[in-house]
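Enquirer: Provided below are the primary sequence and the corresponding predicted coordinates.
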Amino acid sequence: MFSFKRTGMALLAMAITPAFAAEPDWSAYGQLLQRHVSAGEIDGVKLNTVNYSAWRIDPLWPQVISQLETFPAEQLKTRDEKLSFYINAYNILAIKMVLDHWPAESIKDAGSLLRPVWRKNVGTLHGKTVTLQGVEDDLIRSLDEPRIHMAIVCASVSCPDLRAEPYRTDILNTQLDDQTRQFLHNADKGVAIEGNKVQVSKIFDWFEDDFGGEEGVAAFIRRYRELPANSNIDADIDYNWKLNGS
């Protein structure tokens, strides 16, 4: 028979023990972003640059990888929990791909003609080996959220900027709107307007279906900035695959 004292202590312990988090504690990853991501310019393009040389030797990096690779899938219940987790996962694994093949001038250097970098094994999630393409197509795009294309970062100059904070479920919608707005107002890689001519990122060509086709692309952009009434949209801004840092 338990004593009242022991039973009371057990109940107290249960009361103060937090429930399993629906997403990881991203504080270590957040510190890496704060330390090693800063505003800069590469080839005349303004962007958030990544200090890969410092990132790769930061003692927090192995901790972030371990945390990501051991997080159980069953704790991700809602769509937003999955979105925030897998966006962070993609960005972390893209950085890992670069650092696993350091030094590199482009993330594409890690691949080849026969096996592009996107199809190379880069790490594990939920006990399964994954590729960047697999994370993007099977885990993120399947959640039907076109703004993810402004949030996942393939470690290149013309990609959307790497946000200097982790994506979090409680503020995800605000973060995705902000990311989209920033990208679409960057004339060097998002949207450039000259008269009725509108040039947009090749992302809108590669993933046109995710935006609802050609008309959907225009409607998506107009949610975040004005376009000429009779605009002619071409997804032909040059895509710079140079690494988004050094």
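Expert: Arrived safely.

Enquirer: list the buried ones in the longest helix seen in the chain?
Expert: The longest helix of the chain (DSSP state H) is helix 79-100. For helix 79-100, burial by neighbour count (16 or more other CB atoms under 10 Å) applies to 80-99. For every residue, glycine as well, the C-beta is placed using N, CA and C.

Enquirer: over to stretch 223-236?
Expert: Neighbour-count burial for stretch 223-236, counted by 16+ other CB under 10 Å, picks out 224, 227, 231, 233, 235.

Enquirer: quick check: phi and psi at residue 199.
Expert: phi -100, psi 130 (degrees, to the nearest 10).

Enquirer: how far does stretch 42-49 sit from the chain's center?
Expert: 18 Å (CA atoms, centre = their mean, to the nearest Å).

Enquirer: with only the CA atoms kept, save that stretch in PDB.
Expert: The C-alpha trace of stretch 42-49 is given here as PDB (Å, rounded to 0.1, in the frame of the first residue of the first chain):
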ATOM      1  CA  ILE A  42      26.300  37.300 -54.200                       C
ATOM      2  CA  ASP A  43      26.700  38.000 -57.900                       C
ATOM      3  CA  GLY A  44      24.600  41.200 -57.400                       C
ATOM      4  CA  VAL A  45      21.800  39.300 -55.800                       C
ATOM      5  CA  LYS A  46      20.700  40.400 -52.300                       C
ATOM      6  CA  LEU A  47      20.000  37.400 -50.100                       C
ATOM      7  CA  ASN A  48      20.500  35.800 -46.700                       C
ATOM      8  CA  THR A  49      24.000  34.200 -46.900                       C
END
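
Enquirer: mean confidence score for that stretch?
Expert: Per-residue pLDDT values across stretch 42-49 average out to 98.

Enquirer: buried set for it?
Expert: Of the residues in stretch 42-49, those buried (16+ other CB under 10 Å) are 42, 45, 47-49.

Enquirer: can you tell me which of those is nearest residue 198?
Expert: The closest of the buried residues of stretch 42-49 to residue 198 turns out to be residue 45 (CB to CB; 18.4 Å).
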